[in-house]
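Participant: please find the sequence and the predicted model below.
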Amino acid sequence: MSGSGVWGPRRPLERAMEKPLRDWESVDFFEVDNVERPDAPIAPGNHCLVYGPKESGKTTLLFQHALCVANRDPGARVLFVCKRDAIETRPPLLQRAATLGEGAGRIQMKYLNNDAELRRLGGVMHLLPPEDLPTLIVVDGVTSFFAPAQGGDNREREMRLARTLASLRECADACGSMRSLGVREGEHCLLLASCPADGNHDAPPVQWLWYKWFPSAFGVRQLHDQDAGHAPGVAAQGIVLRHFELKPRRWGVGCISSDPMDDRMGITYSVDRVGGSLVPTGIT
């Protein structure tokens with residue numbers, strides 16, 4: 001798996017951790033105590049979307065889940081797809097390299113630049129032998145791979161987004177089927193993606209597209225700002241933290257339900273404006 005094949009050259013996770021960051025205990029947001037999980041979140045076909053405001057820690061949440069999956073199962077392989085400049089500018093917050101665990105070596109970074117490369121990746125994944133196929137495909141910031149619509153007409157961009165999501169979904173399903181036949185019966189591959197929330201609504205943009213391809217969804221919502229000068233675990237004084245909650249959300253007729261009675265249990269965490277660090281703050 002070395003060289004510049006489908007997966008690209010191997011790069012240690014430390015390349016994404018060059019900036020000095022505070023530690024954050026590894027947390028799999030699917031498995032936090034007292035948090036209601038989406039219906040069978042890691043079952044075949046129940047691929048998951050995480051959406052929320054920009055700079056709300058989505059990349060770190062995705063990395064945390066990827067690391068937990070890789071450490072939990074020695075047979076797991078994780079493909080983490082992202083834009084290189086984005087992840088190097090704001091790397092995810094993880095444990096120090098010495099405590100990442102053996103699973104870190106089973107997370108393969110793949111840097112892509114646009115939506116055409118995303119679709120191409122999905123189209124050639126089947127060329128890998130079954131034992132090298134991923135059990136988890138993470139796509140960080142799906143919409144960032146798409147150039148802005150020309151002339152303000154979003155129709156063509158939405159059509160490309162639909163084709164790309166279909167390609168990624170089919171790729172994940174095929175990887176699971178091939179691993180189940182050639183590696184271990186019952187294996188499957190989860191597609192986990194993130195996107196920013198709509199600027200005017202607490203929901204992902206073009207919801208009908210996400211609804212079609214991602215049965216499960218987690219929403220990130222900002223709660224409030226706080227002067228964290230005396231907050232536990234914050235080294236610097238006077239850092240202003242933004243507080244967020246992450247909760248499973250229910251799709252309803254092609255859109256995120258706005259029914260307040262559908263508000264389920266979640267976790268809260270904080271992101272500081274200086275380092276982008278995450279500090280878990282409890283259960284909501």
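Facilitator: Arrived safely, thanks for sending.
Participant: the chain: helices as residue ranges?
Facilitator: According to DSSP state H, the chain carries its helices in the segments 58-72, 84-89, 115-124, 155-182, 207-213.
Participant: please name the nearest non-neighbouring residue to E102.
Facilitator: Nearest residue to E102, sequence neighbours excluded (Cβ to Cβ, 6 or more residues apart in numbering): N71, at 6.9 Å. In this view, the C-beta of every residue, glycine as well, is placed from N, C-alpha and C.
Participant: the one you found and C175: what is the separation?
Facilitator: 20 Å (Cβ to Cβ, to the nearest Å).
Participant: what about the two, which has more around it?
Facilitator: The neighbour comparison of N71 against C175 (other Cβ atoms under 10 Å) goes to C175, with 28 against 18.
Participant: quick one: that one and L133 touch, right?
Facilitator: Yes. With contact defined as Cβ atoms under 8 Å, C175 counts as touching L133 (4.4 Å).
Participant: determine the residues that are contacts of both of the two.
Facilitator: When contacts are counted by Cβ atoms under 8 Å, 6 or more residues apart in numbering, C175 and L133 have 125, 189 as shared neighbours.
Participant: for the residue lying closest to K54 once chain neighbours are set aside, give me its contacts.
Facilitator: Nearest residue to K54, sequence neighbours excluded (Cβ to Cβ, 6+ apart): P196, at 5.4 Å. Each residue near P196 by Cβ under 8 Å, 6+ apart is listed here: 51-54, 141, 143, 204-205.
Participant: what about M109, how many neighbours?
Facilitator: 20.
Participant: can you tell me how far it is from V138?
Facilitator: The spacing between M109 and V138, counted by Cβ to Cβ, is 10 Å.
Participant: with A70 instead?
Facilitator: Here A70 is placed at a distance of 11 Å from V138 (Cβ to Cβ).
Participant: overlap of the contact sets of these two?
Facilitator: When contacts are counted by Cβ under 8 Å, 6+ apart, A70 and V138 have V78 as shared neighbours.
Participant: pLDDT score for the nearest residue to R72 once chain neighbours are set aside?
Facilitator: Spatial nearest neighbour of R72, excluding adjacent residues (Cβ to Cβ, 6+ apart): G103 at 7.4 Å. For G103, the pLDDT comes out at 82.
Participant: correct me, but G103 touches R77?
Facilitator: No. The criterion here is Cβ under 8 Å, and G103 misses it with R77 at 10.1 Å.
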